[in-house]
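Engineer: Predicted model follows, preceded by the sequence.
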Amino acid sequence: MKNKLVNARPHPQEREQPAPRPSSTRVFALAPSSSAIGPKTDATTRTSKPPGTVDLFSLSREERAGVRASNKTQFSLATRAADPDIRRLLRENPMPGSISLSLEREPNYFADANQPGEIKQTIVAYESSRVVCVGNCTTRLRFVNGKPHRVGYLGGLRLDGSVAGRFDILRRGYDFFRELQASAPADFYFTSIAAENHRARRLLERNLRGMPRYEFLGDFVTLLLPTERRSPDRHVPVATSVGIGSDTGTARRAEQLNQVNQQFQLAPHWTADQLTALHQLDLRDDDWFGAAALWDQRCFKQTAIRGYAPWLGFLRPALNLLARLTNSPRLPVVGSILSHAFVLLGASPCDLDLIRNLRNIASERGIDWLTLGFAAHDPRLKAIRQHSRCREYRSCLYLVRWPALGGAASDLDRRILAPEVALL
């Protein structure tokens, strides 16, 4: 039996000097995450202004909505100059748990910016010229009640440990976002929060003064499916890709995806230009297999293993020995990158044979896990659970809105949520 460890690559860490704080006149919202509201810690900061601070009295009212001076914290729209500081913050502030994970963007945080049909804004918060918070909002067309609407996804929030528990950063960030979006808001905004983050959910659902309203949409389940590992003498047929090289073929694929996605809520609306542009993010024509694609995003987005709980670290050698005997993925070493790829399934019906073939293909490519996401009551989730052993991560989806800004949960009909986990 082949002794194959988890296909975990050495983690790319670039030692770069922090970039100077960019001057900016715009900001955008911070989205809640597991790290948004944690144990409060004391932070000692200087009150000197960071380099590049603007004189607010020289700005118009609209520009002042983007930059708010503070003796302690200042927000700005991130530029590429902030790239090394943002990546440092992501590396150094993992999400706690039995397996501590950091969601990283090496070697370039802005690799997926400027995609056709998308507006992605990232803000950073500075204290004494140091980036202490980052978050983003990505706006694109998604289906709501069967029709394409401009929908913003609020996500990617990370706080430095020195400002953990700073609710004022979250509140001010949302206030800035409201002012920024007032002239041209999206039709809807939504976000996700880890189901086990009860403290954040209780706080945000209270609709505190100065905060937007959080309206619960439903539970969402992210699945990790182990790939089909096989001994060398066992042959299993592997599906061939269905690449489409012509512009006409790509347009037809986008049309087919949209015909299915419009039956679901928050599913993405695709154009031929958007599908073609994903080549730059390592989703090629030969990664498509029928109605689904196998998308390995590790070239620009990684999940890094940063530590194990003491009990799990103690048991890890024994668990990995058992995994070796059962030909299953092992628990990787600390500092490595989780070997996984997303299944861009769209909102198509669940084809168990297709999923099985994708697991075979992923194994051939040295990938250990497939990642898919479904609403908790989606029949496709039930079908996969019945035929595959998998690991699950549960989160809660919310619509986020302000008075006269963003649609309400009551505006949505009863279609199943399908926001496409590969795009979150």
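Structural biologist: Perfect, thanks for sending it.

Engineer: contacts, neighbours, all on C-alpha from now
Structural biologist: Fine.

Engineer: Name the spans of this structure whose pLDDT lies under the cut-off.
Structural biologist: Within the chain, the stretches with pLDDT under 70 are 1-71, 228-248, 346-349.

Engineer: which residues of it fall in strands?
Structural biologist: Shown for the chain, the strands assigned by DSSP state E span residues 74-77, 99-104, 119-127, 130-144, 147-159, 188-194, 213-226, 288-289, 292-295, 302-308, 340-344, 369-375, 391-401.

Engineer: closest one to L281 among those strands?
Structural biologist: Comparing these against L281 with Cα to Cα, the closest turns out to be strand 292-295 (8.9 Å).

Engineer: what lines up beside that closest one in the sheet?
Structural biologist: Looking at strand 292-295 with DSSP bridges, its paired strands and their directions are strand 288-289 (antiparallel), strand 340-344 (antiparallel).

Engineer: hmm, back to that, with distance to R330 and mean neighbour count added, can I get the strands of the chain in JSON lines?
Structural biologist: Compiled in JSON lines, these are given as follows (distance: least, Cα to Cα, whole Å; neighbours: other Cα atoms under 10 Å):
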{"stretch": "strand 74-77", "distance to R330": "40", "mean neighbour count": "24"}
{"stretch": "strand 99-104", "distance to R330": "13", "mean neighbour count": "21"}
{"stretch": "strand 119-127", "distance to R330": "35", "mean neighbour count": "21"}
{"stretch": "strand 130-144", "distance to R330": "32", "mean neighbour count": "23"}
{"stretch": "strand 147-159", "distance to R330": "28", "mean neighbour count": "22"}
{"stretch": "strand 188-194", "distance to R330": "25", "mean neighbour count": "23"}
{"stretch": "strand 213-226", "distance to R330": "10", "mean neighbour count": "20"}
{"stretch": "strand 288-289", "distance to R330": "27", "mean neighbour count": "20"}
{"stretch": "strand 292-295", "distance to R330": "21", "mean neighbour count": "22"}
{"stretch": "strand 302-308", "distance to R330": "13", "mean neighbour count": "21"}
{"stretch": "strand 340-344", "distance to R330": "13", "mean neighbour count": "22"}
{"stretch": "strand 369-375", "distance to R330": "11", "mean neighbour count": "23"}
{"stretch": "strand 391-401", "distance to R330": "13", "mean neighbour count": "19"}
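
Engineer: measure P329 to A422 for me?
Structural biologist: 22 Å (Cα to Cα, to the nearest Å).

Engineer: tell me the contacts of H279?
Structural biologist: Contacts here follow Cα atoms under 8 Å, 6 or more residues apart in numbering; on that basis H279 touches D285.

Engineer: now the helices for the stretch 251-400 of the chain?
Structural biologist: Using DSSP state H, counting those that start in this stretch, the helices of the stretch 251-400 of the chain run over 272-277, 310-325, 352-364, 379-387.
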